[in-house]
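Visitor: predicted model and sequence follow; I will ask about them next.
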Amino acid sequence: MEAIRSWFLRDVLDYIERDRGSEALTRLGERLPDRLGEILDPATLRTSAPTETVPIATGEDALLSIESALGDGSGKVLEGIGREMATRFLSHGGAVMTGDLIGTLSRLRVPFEHPFIGVDLTYEIQRTPGGFSMTVGAAGHPRATRILRHLASGAILAAQRYARETGTPKLYGEVRGDRAIIDVVLRATTEPTPVIVEADTNSMRRPSRPSMRAVPQPSLSRQVEEILSRSQSTEPSGVPPRRSSEPPVSSYRRTPSSFPAARPPSEPPPRESVRKPK
């Protein structure tokens with residue numbers, strides 16, 4: 001027979017009274033249907049025998065109704081119940097492994113499974129790069145799996161406190177049929193730590209144009225000499241080069257003294273008579 005122990009439901013009501021006050025129990029009794037109101041009657045549960053149980057379907061209805069009546073349906077009430085269960089067990093000190101959250105959480109399997117009778121429960125923990133993944137569930141009971149998911153989330157938070165795990169774990173859970181998977185992230189590993197590099201202001205400046213070196217200019221006399229040398233190289237090779245000190249040809253004037261006087265034509269010299277020898 002698959003069932004839930006009656007003392008577990010009694011402990012749930014005791015936790016609600018301590019955490020929210022007796023007014024919360026009164027409000028709960030007003031919002032529950034008559035069938036569940038009789039089962040969750042505090043006086044009846046306090047006088048129940050340790051071996052008494054309720055069918056698992058009835059226990060599922062009772063726990064989900066408590067969540068709906070006192071919470072917003074997000075599972076916070078059931079999560080608080082799971083934290084209370086783990087705290088009562090870990091407060092004895094023997095199950096706590098300081099600095100080892102996974103080891104401490106693995107020791108909570110017995111109190112986690114104890115309220116259920118004849119139900120095939122799943123309780124697995126597997127390490128991940130950033131933390132661990134926890135899988136819980138009740139085979140063939142999707143509603144009980146939803147309840148176990150919230151109870152396990154509260155147990156993780158209690159174990160983190162007692163194990164003195166640094167930081168606050170981030171929980172991401174989802175239910176797939178009769179299995180609930182809770183991914184717990186303890187440290188960020190997907191994103192590397194950003195490295196701040198100071199920008200070089202010199203390298204960010206616009207590149208300056210290369211400076212143009214001034215080409216030395218030759219002196220005026222040097223330029224004149226180069227021009228004269230180029231003009232001399234273009235003259236015909238048969239004409240002797242003119243000295244720079246000589247005036248140009250056009251500057252000569254034809255004066256009578258410039259040319260030698262022409263001799264007037266003269267008679268040929270007289271021939272000497274040559275005497276023939278006798």
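Guide: Sure, I can see it. Note that the structure is predicted; figures quoted are calculated from it, not measured. Numbers count the residues shown, from 1 in each chain.
Visitor: CA atoms only for stretch 32-40 - export them in PDB, please.
Guide: The C-alpha trace of stretch 32-40 is given here as PDB (Å, rounded to 0.1, in the frame of the first residue of the first chain):
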ATOM      1  CA  LEU A  32     -10.100  23.200   3.200                       C
ATOM      2  CA  PRO A  33     -12.900  21.000   2.000                       C
ATOM      3  CA  ASP A  34     -14.700  18.900   4.600                       C
ATOM      4  CA  ARG A  35     -12.900  15.700   3.600                       C
ATOM      5  CA  LEU A  36      -9.500  17.200   4.000                       C
ATOM      6  CA  GLY A  37     -10.500  19.200   7.100                       C
ATOM      7  CA  GLU A  38     -11.100  16.100   9.000                       C
ATOM      8  CA  ILE A  39      -7.800  14.600   8.000                       C
ATOM      9  CA  LEU A  40      -5.800  17.700   8.800                       C
END
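Visitor: mean confidence for that stretch?
Guide: Mean pLDDT, computed over stretch 32-40, is 90.
Visitor: ok, and for the strand or helix carrying residue 84, which residues are buried?
Guide: Assessed by DSSP states H and E, residue 84 sits inside helix 76-90. Going by neighbour count (16 or more other Cβ atoms under 10 Å), the buried part of helix 76-90 is 77-87, 89-90. Heads up, the C-betas are built off the backbone N, CA and C, glycines and all.
Visitor: among the residues you listed, which one sits closest to residue 222?
Guide: residue 79 (99.6 Å; Cβ to Cβ).
Visitor: ok, residue 105 - contacts?
Guide: By Cβ atoms under 8 Å, 6 or more residues apart in numbering, residue 105 lies in contact with 125, 134, 155, 156, 159, 163.
Visitor: am I right that it is in a helix?
Guide: Yes - applying DSSP: H, G, I helix; E, B strand; the rest coil, one finds residue 105 inside a helix.
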